[in-house]
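Q: Could you look at this predicted model? Sequence included:
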Amino acid sequence: MHTSRTTLALAALGAAAVTLAGCAGTSGDTESASSDAASETTTLTVYTSEPQEKIDEIVAAFGEDHPNVDVEVFRAGTGDLTTRVATERTAGEIQADVFLAADAATFEDYAAEGLLVEYTPADADALLTDVVDPEGYYVGTRIIPTVIAYNTSVIDAPPESWQELADPAYADQLVMPNPDVSGAAAYNAAVWSTTPELGDEWLAALAENNPVIADSNGPTSQAIATGAQPVGVVVDYLVRELAAQGSPIDVSYPSEGVPYVSQPAGIFADTDNEEAAKAFVDFLVSERGQQLAVEQSYLPVRSDVGTPEGAPTMDEIAILSPDLETVQNAQDAAVETFRDLFL
């Protein structure tokens, strides 16, 4: 897939060159061969739905410990990424080494189709159990709950439950991300659809309030912060970031519980750079990688790095977390229902 070789292979070639040169008795050639091997660069391709600024910070931090790995990033919404992967499969080979995107259901599908390398990170014992695939094909890298957000300059008493969003009082005031673009939104549609106290009946009632459907969570949060649509459904870290920047926005964690995605990472079986890919996944869930996640306003997947200022811990949040197989089986139909009702 890629013309460059893995770091491990380069190291092995370098060692072989040193040995051969030593047998010939030319120390100058030995030093030259070692230097050439050490300077070789592995190119690692990452497909991700991470915001560009955040993935740039991740790549820079990873590069501090792995200067010989050149990380190339293709950034898009999860829906666009999965379309790209499908197109590349049809053409013969997936061009990414690592996939870092929103929802575990996508990774379950890829694992079932034999597209992922079986790999459990070295630090897996330090992670929340729920984010580690028991079969070892992917691992969650940050906790991203979806919440109700509201503009504090417009809304005095924010809704405290998903049910309240269907109240006619919120007609023409709501905004939500599009599940055709956002992996988190697609996952949320499946969770809502399979939650007994919500379900398709609630979605239909919510649609009666004529919410604006934004392309993704970013524009959704901006619409709430500006007051264009003063109440909305959005991932919580964006609310924290905008509030820290001075926007009149706050978060409400619905009483029924919140769905969350864990932004999993997995390694494609087509990779020619498996060792570098493993190192990148290891970094994402390492103590340093998770400290960076907290600095980026995410809830971490390990308990030894704290949480963002003002953010709750996982045990302080009511979670909507149905069986993953249930969500996986329901997601396509739930997204189609969402399209019919809202788009």
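A: All right, it came through fine.
Q: what sits against residue 179?
A: When contacts are counted by CB atoms under 8 Å, 6 or more residues apart in numbering, residue 179 touches 79, 185, 186, 188, 189, 334, 335, 338. For the C-beta atoms, the positions are set from N, CA and C on the backbone; glycine is no exception.
Q: isn't there a strand covering it?
A: No: the assignment for residue 179, made by DSSP: H, G, I helix; E, B strand; the rest coil, is coil rather than a strand.
Q: Quickly note the distance from it to residue 335.
A: Counting by CB to CB, to the nearest Å, the gap from residue 179 to residue 335 is 5 Å.
Q: overlap in contacts of these two?
A: Residues touching both residue 179 and residue 335 (CB under 8 Å, 6+ apart) are 186, 189.
Q: about what we covered before: which one of the contacts of residue 179 sits closest to residue 236?
A: residue 188 (12.5 Å; CB to CB).
Q: OK, contacts around the closest one?
A: 146, 179, 233, 259.
Q: if we go to 7 Å?
A: For residue 188, the contacting residues are 146, 259, by CB atoms under 7 Å, 6 or more residues apart in numbering.
Q: With residue 126 instead?
A: Residue 126 neighbours (CB under 7 Å, 6+ apart): 302, 304.
Q: hmm, try it at 6 Å
A: If you count contacts by CB atoms under 6 Å, 6 or more residues apart in numbering, residue 126 has them with residue 302.
Q: swap in the one 5 residues further on?
A: Taking CB under 6 Å, 6+ apart as the criterion, residue 131 is in contact with 140, 262, 301.
Q: Hmm, residue 124 and the last one touching each other?
A: No: counting by CB atoms under 6 Å, residue 301 does not reach residue 124; the two are 10.2 Å apart.
Q: ok, the two, which is more surrounded?
A: residue 301 (26 against 16; other CB atoms under 10 Å).
Q: Could I get the phi/psi values of that one?
A: For residue 301, the backbone dihedrals (degrees, to the nearest 10) come out as phi -100, psi 10.
Q: so where do the strands sit in the stretch 1-150 of the chain?
A: For the stretch 1-150 of the chain, the strands defined by DSSP state E, counting those that start in this stretch occupy 42-48, 69-75, 98-100, 139-140, 144-151.
Q: From the contact counts, what lies against the second one?
A: Right, the one you point to is strand 69-75. Applying 3 or more CB pairs under 6 Å, 6 or more residues apart in numbering; DSSP states H and E, one finds that strand 69-75 makes contact with strand 42-48, helix 52-65.
Q: what about 8 Å?
A: Applying 3 or more CB pairs under 8 Å, 6 or more residues apart in numbering; DSSP states H and E, we find strand 69-75 packed against strand 42-48, helix 52-65, helix 274-285.
Q: likewise the fourth one?
A: On a contact count with 3+ CB pairs under 8 Å, 6+ apart, strand 139-140 meets strand 264-267, helix 274-285.
Q: Can you name the residues in contact with the longest one?
A: Okay, so that is helix 274-285. Contact partners of helix 274-285, identified using CB under 8 Å, 6+ apart, comprise 6-8, 42, 44, 46, 58, 61-62, 65-66, 69, 71, 97-98, 100, 117, 119, 121-124, 126-127, 139, 141, 265-267, 271, 289, 301-302.
Q: one more time with 6 Å, if that's ok
A: Outside helix 274-285, the residues that reach it (CB under 6 Å, 6+ apart) are 6-8, 42, 44, 62, 66, 69, 97-98, 119, 121-123, 127, 139, 141, 265, 267, 271, 289.
Q: what's the answer for stretch 144-157, then?
A: By CB under 6 Å, 6+ apart, the list of residues contacting stretch 144-157 reads 158-159, 188, 224, 227, 230-232, 234-236, 239, 248-254, 258-261.
Q: Can you pull out the low-pLDDT segments for the protein?
A: 1-39 (pLDDT under 70).
Q: how does it divide into domains?
A: The chain breaks down into these domains under automatic domain parsing: 7-142+268-312, 144-260+317-342.
Q: could you redo the helices and strands packed on strand 69-75 as CSV and give each row distance to residue 218 and mean neighbour count?
A: Putting the helices and strands packed on strand 69-75 into CSV (distance: least, CB to CB, whole Å; neighbours: other CB atoms under 10 Å) gives the following:
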stretch, distance to residue 218, mean neighbour count
strand 42-48, 14, 22
helix 52-65, 10, 15
helix 274-285, 21, 23
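Q: Make CSV out of those and add distance to residue 308.
A: Converted to CSV, the helices and strands packed on strand 69-75 look like this (distance: least, CB to CB, whole Å):
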stretch, distance to residue 308
strand 42-48, 20
helix 52-65, 13
helix 274-285, 17
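Q: So which of those is nearest residue 93?
A: Shortest distance between residue 93 and the helices and strands packed on strand 69-75, using CB to CB, is found for strand 42-48: 11.8 Å.
Q: Where do the strands of the stretch 151-300 of the chain begin and end?
A: Along the stretch 151-300 of the chain, counting by DSSP E, counting those that start in this stretch, strands occupy 174-177, 212-214, 231-235, 249-252, 260-261, 264-267.
Q: if we can go back for a sec, any chance of the contacts of residue 179 in CSV, plus distance to residue 202?
A: Output for the contacts of residue 179, formatted as CSV (distance: CB to CB, whole Å):
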residue, distance to residue 202
79, 23
185, 16
186, 17
188, 12
189, 12
334, 12
335, 16
338, 12
